[in-house]
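Asks: only the shape, not the letters, is given here:
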């Protein structure tokens with residue numbers, strides 16, 4: 001009987017000790033895992049903020065360049081010539097002469113700056129007056145017979161609504177030539193400024209097409225297994241960069257029209273991500289660190305699977 005009691009007591013003590021040790025072990029595991037999750041969340045939040053900072057640096061001088069170009073002599077001369085039947089009475093030059101000089105300045109500017117795919121002046125009817133295309137190495141003045149009518153493009157319509165001192169910044173979409181998406185794909189961000197005559201009427205728009213590909217593919221973030229988890233989406237949630245599946249990029253109606261977007265893939269968190277300026281959203285074992293780059297309306301999202 002005594003042996004049985006001693007055995008029972010020993011077993012009870014062992015069981016209690018095992019449970020306590022197990023509880024401490026489980027608690028330690030959960031605590032350590034929670035601590036690791038917090039560290040990773042902070043790290044990813046830091047990286048998202050760094051990505052925004054890099055994008056801001058890329059775009060830092062675009063406004064300055066845009067305003068500068070609206071004030072150069074050929075632009076002012078073209079406006080005066082338009083107001084006086086094609087002849088500038090101040091500098092004694094024709095509209096065509098000024099347009100030719102403007103093309104040369106645009107070309108040299110594009111080569112020097114290297115950030116602009118196109119530099120253009122568009123008249124109030126939507127017709128390009130002067131345009132330079134830059135391919136990353138060289139710049140080309142587009143001949144007069146190849147200049148296009150852009151009156152149907154959304155950025156032209158928005159630009160014509162601007163008041164003095166205002167600038168329109170478009171979302172990022174795929175560049176179109178003669179109504180068709182340019183191949184290979186050229187992600188483009190447009191800055192637009194109006195040019196007024198002395199009577200306060202908009203007579204032209206200065207448009208800078210910013211090369212957005214470099215901006216969208218900087219500072220990749222990876223987890224341990226090397227799977228990238230960075231998404232960049234527009235204000236409607238369409239992917240401009242999807243590191244998990246690049247075939248889902250450019251699904252918006254202005255681009256490839258596939259309909260692939262953040263809302264479709266992650267409906268439980270997408271609405272909150274797109275409505276907030278920044279934050280951390282959880283869905284089960286997955287966290288989403290997100291931040292909006294306000295000037296470009298981009299949402300930077302980092303998805304982290306916590307297993």
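Replies: Yes, it's here. From a predicted model like this one, the values you see are computed outputs, not experimental measurements.

Asks: wait, a helix at residue 78?
Replies: Yes: the assignment for residue 78 is a helix, going by DSSP: H, G, I helix; E, B strand; the rest coil.

Asks: contacts only, for it.
Replies: The contact partners of residue 78, by C-beta atoms under 8 Å, 6 or more residues apart in numbering, come to 88, 95, 98, 99, 102, 121, 129, 204. Quick note: C-beta positions are derived from backbone N, CA and C, even for glycine.

Asks: swap in residue 112?
Replies: Residue 112 is in contact with no residue at all, counting by C-beta under 8 Å, 6+ apart.

Asks: state the distance from it to residue 65.
Replies: Distance, residue 112 to residue 65, by C-beta to C-beta, to the nearest Å: 10 Å.

Asks: flag the shaky bits of the protein, pLDDT-wise.
Replies: Counting by pLDDT under 70, the chain contains low-confidence ranges at 1-45, 219-228, 294-296, 306-307.

Asks: for stretch 128-144, the distance to its chain's centre please.
Replies: Centre-to-centre, stretch 128-144 and its host chain are 24 Å apart (C-alpha atoms, centre = their mean, to the nearest Å).

Asks: find the nearest non-adjacent residue to residue 212, please.
Replies: Take residue 212 and drop its neighbours on the chain: the residue closest to it by C-beta to C-beta, 6 or more residues apart in numbering is residue 187, 4.0 Å away.

Asks: so the one you found sits right up against residue 217, yeah?
Replies: No: using C-beta atoms under 8 Å, residue 187 makes no contact with residue 217, being 9.4 Å away.

Asks: those two: which is more packed in?
Replies: Using other C-beta atoms under 10 Å, the more surrounded residue of residue 187 and residue 217 is residue 187, with 22 against 13.

Asks: quick one, what contacts the more buried one?
Replies: Applying C-beta under 8 Å, 6+ apart to residue 187 gives the contacts 172, 173, 174, 175, 211, 212, 213, 216, 240, 250.

Asks: nearest to residue 290, of those residues?
Replies: The shortest gap between residue 290 and any of the contacts of residue 187 belongs to residue 240, at 14.2 Å (C-beta to C-beta).

Asks: wait, a strand at the closest one?
Replies: Yes: counting by three-state DSSP, residue 240 is part of a strand.

Asks: was I right about it contacting residue 248?
Replies: No: assessed by C-beta under 8 Å, residue 240 is found out of contact with residue 248, at 10.4 Å.

Asks: which of those two has more neighbours?
Replies: residue 240 (24 against 20).

Asks: the residue nearest to residue 212 and residue 75, how far apart?
Replies: The gap separating residue 187 from residue 75 is 27 Å, by C-beta to C-beta.
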